[in-house]
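Asks: Next one to model:
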Amino acid sequence: MVLRARFLLASFLSLLAFAPVAALADPVTTFSPFQLRSDGGMSTIQFVDSDAGFDSVLFLTSPGEQGPFFPNHTTLPGATANLGSFASGTELVFALRVLTTGDQFFTGPASRNADGVVHAQASLWPGTPAIPTKGVLVGFEDLFGGGDSDFNDFRFVVSNVRVAQAPAVPEPGSLLLFGTGIAALVRRASKRQHERRAH
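Replies: Below you'll find the predicted structure:
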């Protein structure tokens with residue numbers, strides 16, 4: 001029995017040795033919701049593309065408003081705009097204004113948007129021959145309610161920023177459970193303290 005088990009194990013290992021090995025690509029990390037924070041110094045934005053039926057333009061809404069940038073149906077990929085310099089750590093908040101519907105959607109948490117839905121996604125951009133700016137790729141979804149959530153209705157790259165996952169806002173149910181747990185701990189501590197005094 002032991003010999004047979006060893007034979008089977010050796011056969012399996014030899015098959016593995018000759019099996020083709022698939023190259024695994026590193027998955028692209030996406031952030032949604034996210035925050036863009038300046039690394040300090042000059043930042044630029046570069047238009048990538050738009051796969052949208054609606055007309056839209058981009059604005060920087062904080063710190064200070066700038067724009068409009070890159071009308072999505074008339075701007076060529078690679079068009080660039082300088083935003084200026086920002087202190088390190090400053091959050092840059094962008095807005096997509098959808099001219100066709102009058103809606104406006106922001107980067108960051110869902111609470112910034114009228115429909116309560118996250119409308120922007122970010123990932124690191126290494127630069128390409130067509131879009132050489134290295135930085136963070138931001139993609140917007142332009143339909144109220146989230147649409148198909150493919151985040152390719154308006155895409156651009158921001159330089160000289162870092163991207164971080166935005167802190168999640170706890171749902172009311174989670175806050176209730178947390179509060180109930182804290183109340184139970186306080187009651188338990190109070191009961192123990194009362195019992196110690198009684199002894």
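
Asks: Can you show me the strands along this structure?
Replies: 30-31, 34-38, 41-49, 56-62, 66-69, 80-86, 91-98, 104-106, 120-125, 135-140, 154-158, 161-165 (DSSP state E).

Asks: quick one: strands adjacent to the fourth one?
Replies: In this case it means strand 56-62. Sheet pairing of strand 56-62 (DSSP bridges) gives strand 66-69 (antiparallel), strand 91-98 (antiparallel).

Asks: Of all those, which one is nearest residue 146?
Replies: Among those, the nearest to residue 146 by C-beta to C-beta is strand 91-98 (13.3 Å). Yep, even glycine has a C-beta here, placed from its N, CA and C like the rest.

Asks: got the angle for that closest one vs strand 154-158?
Replies: Going by axes from the mean of the first three to the mean of the last three C-alpha atoms, to 10 degrees, strand 91-98 is angled at 160 degrees with respect to strand 154-158.

Asks: how close does residue 130 get to residue 48?
Replies: Distance of residue 130 to residue 48, given as C-beta to C-beta, to the nearest Å: 9 Å.

Asks: list residues touching both of these two?
Replies: residue 77 (C-beta atoms under 8 Å, 6 or more residues apart in numbering).

Asks: Settle it for me: which of these two has more neighbours?
Replies: residue 48 (23 against 10; other C-beta atoms under 10 Å).

Asks: Assess the claim that the more buried one and residue 155 are in contact.
Replies: Yes. Look at residue 48 against residue 155 with C-beta atoms under 8 Å: they come within range, at 4.1 Å.

Asks: Now do the shared contacts for those two.
Replies: Residues touching both residue 48 and residue 155 (C-beta under 8 Å, 6+ apart) are residue 137.

Asks: related to what we said a few turns ago, just name the most buried of the strands of the chain.
Replies: strand 154-158 (a mean of 26; mean count of other C-beta atoms under 10 Å).

Asks: how near is residue 77 to residue 37?
Replies: Distance, residue 77 to residue 37, by C-beta to C-beta: 26 Å.

Asks: and if you look at residue 135?
Replies: Separation of residue 135 from residue 37 (C-beta to C-beta): 12 Å.

Asks: Ok, which of the strands paired with strand 56-62 comes nearest residue 149?
Replies: For the strands paired with strand 56-62, proximity to residue 149 was assessed by C-beta to C-beta; strand 91-98 is nearest, at 14.2 Å.

Asks: still on that earlier bit, joint contacts of residue 135 and residue 37?
Replies: The contact sets of residue 135 and residue 37 overlap at residue 161 (C-beta under 8 Å, 6+ apart).
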